[in-house]
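Engineer: Please find the sequence and the predicted model below.
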Amino acid sequence: MRLIRGLHNLQSCTQAEGHPFPQGCVATIGNFDGVHRGHQAIIEQVRQKALALGVPSVAMVFEPQPQEFFAGADAPPRLMRFREKLTALWQYGIDTVVCLQFTPRLRKLSAKEFVERVLIDGLQVRHLVVGDDFRFGCDRGGDFLLLQQQGAAAGFSVENTETVLIAGERISSTRVRKALAENRLADAEELLGRPYAIEGRVLHGRELGRKLDARTANIGLGHKNPALRGVYVVQVGRAGDGEGGGESCSFGAANIGYRPTVDGVDPLLEVHLLDFEAELYGERLRATFLHQLRDEVRFDGVEALKKQIHQDFADARAWLASHPPRPTNRDR
Ligand SMILES: Cc1cc2nc3c(=O)[nH]c(=O)nc-3n(C[C@H](O)[C@H](O)[C@H](O)COP(=O)(O)O)c2cc1C
Ligand SMILES: Nc1ncnc2c1ncn2[C@@H]1O[C@H](COP(=O)(O)OP(=O)(O)O)[C@@H](O)[C@H]1O
């Protein structure tokens, strides 16, 4: 499991310690936001081919995601931050993630230059798995046919990705975003192949939680528009412990949004763990969204907010009592 950041690191590897893929690699390129079941099928294609050729399986991703580069704040919400994506790609069978910074310079590479510099010199690719609608290079000038032509000349093959359908429709990150925005958690879970979860480090907040008798572990969302909003029952575990948190799992009530009552500015995920009291600052937690209790609202003052939050805790307990926890991946 390896991360290589930047083309220069592939190239400097070439001179200093030898190329990271001396026998070449099998690669795929994409955003992989969510690492949903469609992505998982592609990863499996890459993994199988890499096994057959005895070379590493590689996923090339970009940061920021090209949509974020072009649309800025108007880009659709991200389903996962880079670190979560990395872990998921590794978990599903990718050996090496190559992350290129999406800069104006990269954007200006022509399709032909992209193939030569990135795929051939950079990755030394032997087999490439991409969708037949894949476009790349300056002004999206390169397509599947060009890849096949340049591949034939340079000695790599190109394969179309599998299309995974649910209810007759292709699985996509957009579809997952829509399901989450509409609070259709079960649909999102079906598309993702696991329940939706957010991981992050517990940050210090304004310490209002203790005044409300509702301490909340604050997980920053990096100024990003969250994919879902509201008050939820969550399963909480230490990040990296497996789905839902494995052994260290417990349950809580969480708010994800902008905290209008206390004039919050940046979006936050705030998790109150039921039947728990200890410091969590600096820990990496994963909150898995189980059920929406209500929308986030602006209250007339802190007392009304406090009353509702304690009602939320009672509602979360009642929901949990009637929905016994399902086995986590680890138990399966
Ligand atoms: C279960 C739960 C529900 C919440 N619902 C709302 C809400 O509807 N509106 C709101 O403005 N803030 C809501 N909050 C966020 C509180 O405003 C926030 O937790 C409180 O201000 C503490 O902030 P601190 O972590 O900076 O101390 C909720 C928090 C929790 C844990
Ligand atoms: N049951 C609990 N749920 C969440 N956090 C808790 C709990 N008990 C103690 N904590 C600790 O309290 C902190 C939150 O306290 P809070 O007063 O809301 O301050 P802050 O504004 O810094 O988040 C958490 O980060 C964690 O370290």
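Structural biologist: Thanks, I have the structure now. Ligands and ions are numbered 1, 2, ... in the order given.

Engineer: hey, let's count contacts and neighbours off CA atoms from now on
Structural biologist: Noted.

Engineer: list the contacts for the most centrally placed residue in the chain?
Structural biologist: The chain has Met80 as the residue nearest its centroid, 2.7 Å off, counting by Cα atoms, centre = their mean. Met80 is in contact with Asp33, Gly34, Ile198, counting by Cα atoms under 8 Å, 6 or more residues apart in numbering.

Engineer: now Lys94, nearest residue through space, not along the chain?
Structural biologist: Rather than Lys, residue 94 is Ile. Ser57 (5.3 Å; Cα to Cα, 6 or more residues apart in numbering).

Engineer: Next up, the contacts around the one you found.
Structural biologist: Shown in contact with Ser57 (Cα under 8 Å, 6+ apart): Cys25, Val26, Ala27, Val46, Arg47, Ala50, Gly93, Ile94, Asp95, Thr96.

Engineer: so which of these are also by ligand 2?
Structural biologist: Among the contacts of Ser57, not one lies near ligand 2 by Cα under 6 Å from any ligand atom.

Engineer: Among the residues you listed, which are located in helices?
Structural biologist: Per DSSP state H, helices hold the following members of the contacts of Ser57: Val46, Arg47, Ala50.

Engineer: Present the residues you listed as JSON lines; the columns should include pLDDT.
Structural biologist: Below are the ones in helices among the contacts of Ser57 laid out as JSON lines (pLDDT from 0 to 100):
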{"residue": "Val46", "pLDDT": "98"}
{"residue": "Arg47", "pLDDT": "98"}
{"residue": "Ala50", "pLDDT": "98"}
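
Engineer: If any of the contacts of Ser57 are buried, give me the PyMOL selection for them.
Structural biologist: A single PyMOL command selects the buried members of these (16 or more other Cα atoms under 10 Å):
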select buried, resi 25+26+27+46+47+50+93+94+95+96
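
Engineer: Mind telling me the two of the contacts of Ser57 farthest from one another?
Structural biologist: Greatest spatial distance in the contacts of Ser57: Cys25 and Gly93, 13.9 Å, computed using Cα to Cα.

Engineer: Report the spatially closest residue to Arg135, excluding sequence-adjacent ones.
Structural biologist: Nearest non-adjacent residue to Arg135, counting by Cα to Cα, 6+ apart: Asp143, 4.9 Å away.

Engineer: Let me know the pLDDT of the one you found.
Structural biologist: With respect to pLDDT, Asp143 has a value of 94.

Engineer: Return the residues in contact with it.
Structural biologist: So Asp143 contacts Asp132, Asp133, Phe134, Arg135, Phe136 (Cα under 8 Å, 6+ apart).

Engineer: The fourth one reaches Phe144, doesn't it?
Structural biologist: Yes: applying Cα atoms under 8 Å, one finds Arg135 in contact with Phe144, separated by 7.4 Å.

Engineer: where exactly do the strands run in the stretch 101-250 of the chain?
Structural biologist: Taking DSSP state E, counting those that start in this stretch as the criterion, the stretch 101-250 of the chain contains strands spanning 125-130, 157-160, 165-166, 169-170, 197-203, 217-220, 230-238, 250-257.

Engineer: so Phe136 sits right up against Leu146, yeah?
Structural biologist: No: counting by Cα under 8 Å, Phe136 stays clear of Leu146, with 10.2 Å between them.

Engineer: Just want to know which of those two has more residues nearby.
Structural biologist: Shown here are Phe136 and Leu146; by other Cα atoms under 10 Å, Phe136 has more neighbours (20 against 15).

Engineer: Now the more buried one: closest residue in space, sequence neighbours ignored.
Structural biologist: Of all residues not flanking Phe136 in the chain, Gly142 sits nearest, at 4.9 Å (Cα to Cα, 6+ apart).

Engineer: so how far is Ala52 from the one you found?
Structural biologist: Counting by Cα to Cα, to the nearest Å, the gap from Gly142 to Ala52 is 28 Å.

Engineer: coming back round to it: for the residue nearest to Phe136, which residues are in contact?
Structural biologist: With contacts taken as Cα under 8 Å, 6+ apart, Gly142 has the following neighbours: Ser110, Ala111, Lys112, Arg135, Phe136.

Engineer: Tell me which of those fall in helices.
Structural biologist: Counting by DSSP H, the contacts of Gly142 place Ala111, Lys112 in helices.

Engineer: With respect to Ala152, which of the contacts of Gly142 is nearest?
Structural biologist: Lys112 (13.5 Å).

Engineer: ok, now which ones touch the closest one?
Structural biologist: Contacts for Lys112 (Cα under 8 Å, 6+ apart) come out as Gly137, Gly142.

Engineer: Spatially nearest residue to Arg201 (excluding sequence neighbours)?
Structural biologist: Arg284 (4.2 Å).

Engineer: Same question for Glu63.
Structural biologist: Of all residues not flanking Glu63 in the chain, Gln101 sits nearest, at 4.9 Å (Cα to Cα, 6+ apart).

Engineer: Tell me how many other residues surround the one you found.
Structural biologist: As a burial measure, Gln101 scores 18 neighbours (other Cα under 10 Å).

Engineer: likewise the one 10 residues further on?
Structural biologist: A count of nearby residues for Ala111, using other Cα under 10 Å, gives 21.
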